[in-house]
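> Provided below for reference: sequence and predicted model.
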Amino acid sequence: MNGKRKLNLLKNTLLVSVILLAFIPRGNAQDLQPVQAAFNKYTQSTLQEKIFVHTDKSTYLAGEIVWFKIYCVDGAFNKPLTLSKVVYVDILDNAQVSVMQAKIAMADGMGSGSLVIPPSVANGNYKLRAYTNWMKNFGPEGFFEKKITIVNSLRSPDLAAKPKTPDYDVQFFPEGGYLVSGLAANVAFKAVAKNGMGVTFRGAVVNDNNDTVARFKPLKFGMARFAFTPAANSTYRAVINIGSDKPIVTTLPVVENNGYTMQVTDAGNGSLNVKVNNNTGDQPLYLFAHTRGVAKLVQSAVSSNGAAQFTVSKDKLDEGVSSLTIFDGGKQPVCERLYFKRPKQALFINAGADAGQYATRKKVSVTVAAKNAANKMINAGLSMSVYRVDSLQTVDQDDIASYFWLGAELKGSIESPGYYLKNTTAEIDEATDNLLLTQGWRRFRWDNILQANPAAFKYLPEFNGHLVIGKVTDSVKNIAKDVIAFLAVPGKRVQVYAAKSDAEGKLYFNTKEFYGPSEIVVQTNTERDTSHKIEVISPFSEQYSKTTLPAFGLTPGMQTSLQQQSLGMQVQNIYAGNKLKHYFEPVVDSTGFFGIPYKTYKLDDFTRFVTMEEVVREYVREAGVSRSRGRFHITLIDEKAILTGDPLVMLDGVPVFNIDKVMAIDPLKVQRLQVLRSRYFWGPAAFEGIMNYTTYKGDLGGAEMDPHAVVIDYEGMQVQREFYSPIYETDEQTKSRIPDFRNLLFWAPEINTGPISANKVTFYTSDQAGRYFGIVQGMAANGDAASQSFTFEVK
C-alpha cells in the first residue's frame with residue numbers, strides 16, 4: 001500500500017471515529033451546576049438546628065421529676081447555635097397525646113428544665129421530644145426524640161390487649177433505594193423485637209419456585225446485609241427463623257423492571273468506590289456528595305455496558321454522615337445512600353468519684369475536667385447525673401457525641417448509640433454501615449430543593465424570646481388582616497406587646513423574658529373595634545413522627561426494684577416535698593417597655609382622694625381631664641403642646657381603653673402612677689403618651705376586664721426548679737431520723753469547666769444501698785462533644 005492510500009485510509013478512519021464519538025454520551029461535572037446551585041440556594045436559606053436532651057435517667061415513677069439539659073447546635077457544623085431562645089419539650093404517649101409540656105429558655109445554645117410526672121399518668125413507654133419553633137418548618141422527623149418509661153405504682157398495670165403487631169419487625173432496604181431486575185444489589189435488613197432491640201436469627205431468600213437465592217444472619221443489633229441479583233418478573237420472600245418460634249415470612253421490596261442500583265465499597269486507600277449499575281441505556285451519570293447540607297463534590301461518569309464507576313476521596317468529605325446521590329442524564333436523582341466518616345475525638349471529659357465504695361449518708365466528691373486533643377484543659381458546659389441502677393432502671397445509653405454525629409442524621413432510635421463511636425474496629429465499621437443502610441434518612445428532600453420557587457417557612461425563629469401567636473377573625477369568622485391587637489401579662493412588671501395581623505390573620509407577639517404561669521389578656525382597642533375575635537394558638541407542634549414506641553411490660557424480676565423505688569418516691573415527696581418546690585428567680589429587666597417615665601407619682605406621698613378623677617386633676621400636672629358626650633377623656637401635655645387623643649392607660653400592665661373604667665379605679669388600691677408625656681410608638685401602634693397605674697398587689701385592684709378581651713391561663717418560659725440534695729456534714733445531720741430513700745443522688749445541669757483547674761462537685765449518698773452510675777455529658781464552645789461515665793457502690 002503506497003503512502004497516499006495509507007494517508008487517505010487514515011483520514012477516513014479518523015472521520016469515522018469523530019462521527020462515532022459524537023454519538024457517545026459524555027458526562028461533565030459542570031452539567032450538574034444547576035442542581036448544585038439549587039442545593040446551595042436552598043441550604044443557605046434553610047439553616048438547620050439539632051437538639052440533644054440529656055435526661056437524668058430513663059425510667060421514672062409517677063410523682064417523680066424528669067430533669068433535663070438541652071444542647072442546641074448548628075445542623076451543618078455541630079457548633080452551639082444561639083438562633084432560637086426557646087425550646088419546646090413535650091412527653092407523648094402512644095396515641096401522640098401530650099401528658100407534660102414545657103417551654104425552656106435557651107442561652108448560648110444551652111438550657112435546662114424539669115417536668116413533674118402527674119399521679120394520673122398511665123403505665124407505659126413515652127416519647128420525650130424537643131424542638132424549636134424554627135425546626136417545625138422541616139417536619140417532626142428532625143425533632144429530638146427519646147423513649148422514657150413511666151411506671152405508676154399506684155395503678156395496676158393495664159390488662160395486656162391482644163397484640164396488634166407481630167412479635168418481630170423485619171424490614172429490608174436495597175442499597176441505593178431499589179431492586180432492579182438483572183442488576184446486582186446489596187440488601188440490608190433489620191429485625192427487632194417488640195422492645196425495639198435487635199434480635200439474632202437465621203434467614204433465607206426464596207424465589208417464586210421456593211429456590212433459595214441467598215442466606216443471611218445479623219452481624220450486630222439485628223442488622224447486616226446480603227447480596228443477590230433479582231430476576232425479571234419475579235417476587236422474593238424472606239423466611240426467618242428466630243429461636244423456636246414459628247418462621248416469619250415477609251416479602252422483599254418489589255423488583256423494578258428498569259432503574260439503577262448503587263454499591264459503595266471502601267477501596268482501602270483513603271477512597272470509596274461507587275459503582276452504579278443500570279439497564280436504561282448508556283448515558284452520563286453524576287455523583288453529588290454533601291455532608292450535613294454542605295456541598296462537597298460533584299463528579300461525572302459515562303455509563304458503559306450498564307455500569308459506571310466513581311472514585312471518591314474521603315478527604316473530600318467532612319466528618320459525620322454524608323449523602324451520596326446519583327443523578328441521571330436528565331439531572332434527576334435516581335439513587336442515594338449515606339456514608340459515615342468517623343470523627344476524630346477532640347473533647348475528652350475526665351470524671352470520677354474519689355472512692356469506689358461508700359457507706360450511706362457519706363460525701364462523694366467528683367472531679368470534672370474537660371480537655372482537648374492536646375490534653376489541655378478547656379472551657380466546656382456540662383451536665384451530670386448520678387442514679388442507682390437495678391432491674392428497673394438500667395444504664396441510659398444516650399450519648400451526646402454519637403447523637404450529633406450520627407443519630408440526628410438518621411431516623412428512629414439507635415440501640416446502644418455509643419457503640420459506634422467509642423472504638424474503631426472492622427466489625428464496628430461494618431455495623432455502622434449497616435445502620436446507615438437501614439435507618440438512613442435524608443434531612444434534605446430533593447423535591448423541595450429542585451423546585452423553582454424559594455422555600456416558604458410557616459414558623460418563625462424565636463430570636464429574642466417566646467412568640468405568643470394569635471389568630472384574628474371577624475364577626476363571620478373570616479380572616480381579618482391589618483388588625484392591631486395587644487397582649488398583656490397582668491402584674492407589677494409591665495409586659496405589654498402589640499402586633500398587627502398578617503394576610504393569614506396571624507398575630508405574633510414577640511415577648512421578652514416572659515417566665516412562669518400567668519394569665520394573659522389579649523384584646524383590640526375596644527373603643528374602636530369590638531367585632532373581631534382573637535384565638536391564642538398553642539406553640540407546641542401538632543406534627544408527629546412515625547417512630548413507634550416499643551411495647552411496655554413489667555417482669556417479675558422488677559418487683560423488688562419497683563417496690564423500693566415506689567417507697568423512695570413516696571418518702572421523698574412526703575418529707576422533702578416543700579424542698580422540691582424551690583425555684584431560681586429568673587433575672588429579668590423590670591423596666592417597662594417605655595423605659596424611664598417622665599414622672600412617677602407615689603400616691604402615698606399625697607393626700608388620699610376617693611376618686612381617680614380627683615387624683616388626676618389634683619396631682620398629675622401633665623394630664624387634663626375632660627368630659628365629652630358623657631365620656632371621660634384624658635389628654636397629656638408635653639413641654640410644647642397638648643397631645644391629641646387619649647393616652648395608653650394601663651392598670652397593672654393591662655391596657656384599659658375606656659377612660660370611664662379608668663376613672664372607676666379605686667385610688668386607695670393604687671400604689672403609684674407613671675406618666676410618659678410624649679408620643680410613643682410601640683410596634684405597629686402609636687400612643688398619645690402613656691399612663692401606667694400599679695396596684696399594691698398587682699391584681700388589677702378588682703377592676704373588671706373588658707368583656708371583649710380574651711383572658712386565658714398561659715405559661716411562659718419555665719422557671720428553673722432547684723434540685724434538692726440533702727447535706728450530711730454534721731453528726732446531727734447524719735443521725736437524723738428523716739428517711740432518705742433517693743435513687744437519684746445528684747443532678748447538675750450547669751457544670752462549667754475552665755482552662756486552669758478542674759471542677760469539683762460534691763453530694764451525699766442516701767439510705768439506699770446499691771450500684772450507682774454517674775454520667776457527665778456536654779460540649780465545648782467550638783461544638784466538640786463528649787461524655788464520660790463512672791460507677792461506685794453504696795453499702
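Arrived safely. Numbering: from 1, shown residues only.
> Helices along the stretch 601-750 of the chain, start to end?
Under the criterion DSSP state H, counting those that start in this stretch, the stretch 601-750 of the chain contains helices at 612-619, 659-663, 731-734.
> Format those as TSV; extra columns: distance to residue 85 and mean neighbour count.
(C-beta placed from N, C-alpha, C; glycine too.) Shown next, in TSV, are the helices of the stretch 601-750 of the chain (distance: least, CB to CB, whole Å; neighbours: other CB atoms under 10 Å):
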stretch	distance to residue 85	mean neighbour count
helix 612-619	39	18
helix 659-663	35	18
helix 731-734	41	11
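> Residue 575: which of those helices is closest?
Set against residue 575 and scored by CB to CB, the helices of the stretch 601-750 of the chain come closest in helix 731-734, at 13.9 Å.
> In CSV, list the helices of the stretch 601-750 of the chain along with distance to residue 208 and mean pLDDT.
Putting the helices of the stretch 601-750 of the chain into CSV (distance: least, CB to CB, whole Å; pLDDT from 0 to 100) gives the following:
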stretch, distance to residue 208, mean pLDDT
helix 612-619, 90, 93
helix 659-663, 83, 92
helix 731-734, 76, 94
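> Quick one: closest of those helices to residue 201.
helix 731-734 (54.2 Å).
> Touching the closest one from outside, list them.
Here helix 731-734 makes contact (CB atoms under 8 Å, 6 or more residues apart in numbering) with 361, 726-728.
> ok, of those, which come out buried?
361, 726, 728 (16 or more other CB atoms under 10 Å).
> now the last one: how far from residue 363?
Put plainly, it is residue 728. According to CB to CB, to the nearest Å, residue 728 stands 7 Å off from residue 363.
> Give me the common contacts of those two.
In contact with both residue 728 and residue 363: residue 764, using CB under 8 Å, 6+ apart.
> circling back to that earlier point, got the buried ones among the contacts of helix 731-734 as a markdown table, with pLDDT columns?
Putting the buried ones among the contacts of helix 731-734 into a markdown table (pLDDT from 0 to 100) gives the following:
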| residue | pLDDT |
| --- | --- |
| 361 | 97 |
| 726 | 95 |
| 728 | 97 |
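> want to throw those into JSON lines with distance to residue 535?
What follows is the buried ones among the contacts of helix 731-734, written out as JSON lines (distance: CB to CB, whole Å):
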{"residue": "361", "distance to residue 535": "54"}
{"residue": "726", "distance to residue 535": "47"}
{"residue": "728", "distance to residue 535": "53"}
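> quick check, nearest of those to residue 133?
residue 726 (38.9 Å).
> residues touching that closest one, list them.
Residue 726 touches 576, 733, 740, 764, counting by CB under 8 Å, 6+ apart.
> what comes up buried for stretch 190-205?
So for stretch 190-205, counting by 16+ other CB under 10 Å, buried means 190-193, 196, 198-199, 201, 203-205.
> now the end-to-end length of that stretch.
Start and end residues of stretch 190-205 are separated by 14 Å (CA to CA, to the nearest Å).
> again, but for stretch 535-554
End to end - CA to CA - stretch 535-554 spans 44 Å.
> tell me the mean pLDDT over it?
In this model, stretch 535-554 has a mean pLDDT of 92.
> What are the contacting residues of the helix or strand hosting residue 104?
For residue 104, the host element (DSSP states H and E) is strand 98-105. Strand 98-105 is contacted by residues 66, 70, 85-93, 111-118, 121, 126, 130, 465-466, 515, 539-540, 586, 715-718 when judged by CB under 8 Å, 6+ apart.
> now that strand: mean pLDDT?
97.
> So which bits of it are buried?
Neighbour-count burial for strand 98-105 flags 98-105 (criterion: 16+ other CB under 10 Å).
> Mind telling me the two of those farthest from one another?
99 and 105 (22.1 Å).
> how close does the nearest residue to residue 494 once chain neighbours are set aside sit to residue 321?
In this structure, residue 494 finds its nearest non-sequential neighbour in residue 592, 3.6 Å apart by CB to CB, 6 or more residues apart in numbering. The spacing between residue 592 and residue 321, counted by CB to CB, is 49 Å.
> Any regions of the chain where pLDDT drops low?
1-27, 157-165, 442, 452-455 (pLDDT under 70).
> Need the distance between the two termini of stretch 375-391.
First-to-last residue span, stretch 375-391, CA to CA: 38 Å.
> does residue 472 have beta-bridge partners, and which?
residue 534 (DSSP bridges).
> Could you give the number of residues near it?
27 (other CB atoms under 10 Å).
> quick one: it from residue 359, how far?
Separation of residue 472 from residue 359 (CB to CB): 65 Å.
> Please apply the same query to residue 328.
From residue 328 to residue 359 the distance is 70 Å (CB to CB).
> and if you look at residue 646?
72 Å.
> How about residue 614?
Taking CB to CB, one finds residue 614 at 72 Å from residue 359.
> again, but for residue 581
30 Å.
> Phi, psi for residue 75 please.
Backbone torsions of residue 75, given as degrees, to the nearest 10, read phi -70, psi -20.
> Quick check: the gap between it and residue 292.
Distance, residue 75 to residue 292, using CB to CB: 6 Å.
> Give the residues shared as contacts by the two.
Jointly contacting residue 75 and residue 292 under the rule CB under 8 Å, 6+ apart are 48, 443.
> Tell me which helix or strand residue 574 sits in.
Using DSSP H and E, residue 574 falls within helix 559-575.
> Would you state the helices of the stretch 301-450 of the chain in chain order?
400-405, 419-422, 426-439, 446-449.
> How far away from the center of its chain is the third one?
Put simply, helix 426-439 sits 25 Å off its chain's centre (CA atoms, centre = their mean, to the nearest Å).
> residues touching the spatially most central residue of the chain, list them.
The chain has residue 131 as the residue nearest its centroid, 2.9 Å off, counting by CA atoms, centre = their mean. For residue 131, the contact set (CB under 8 Å, 6+ apart) comprises 51, 87-88, 140, 142-144, 541.
> Could you do residue 637 as well?
622-624, 643, 677.
> do that again at 7 Å, thanks
622, 624, 677 (CB atoms under 7 Å, 6 or more residues apart in numbering).
> repeat for residue 403
52, 417.
> Leaving out chain neighbours, which residue sits closest to residue 651?
Nearest residue to residue 651 in three dimensions, chain neighbours excluded: residue 693, at 4.8 Å (CB to CB, 6+ apart).
> Residue 343: how many residues sit nearby?
There are 18 residues near residue 343, going by other CB under 10 Å.
> Distance of it relative to residue 402?
Distance, residue 343 to residue 402, using CB to CB: 10 Å.
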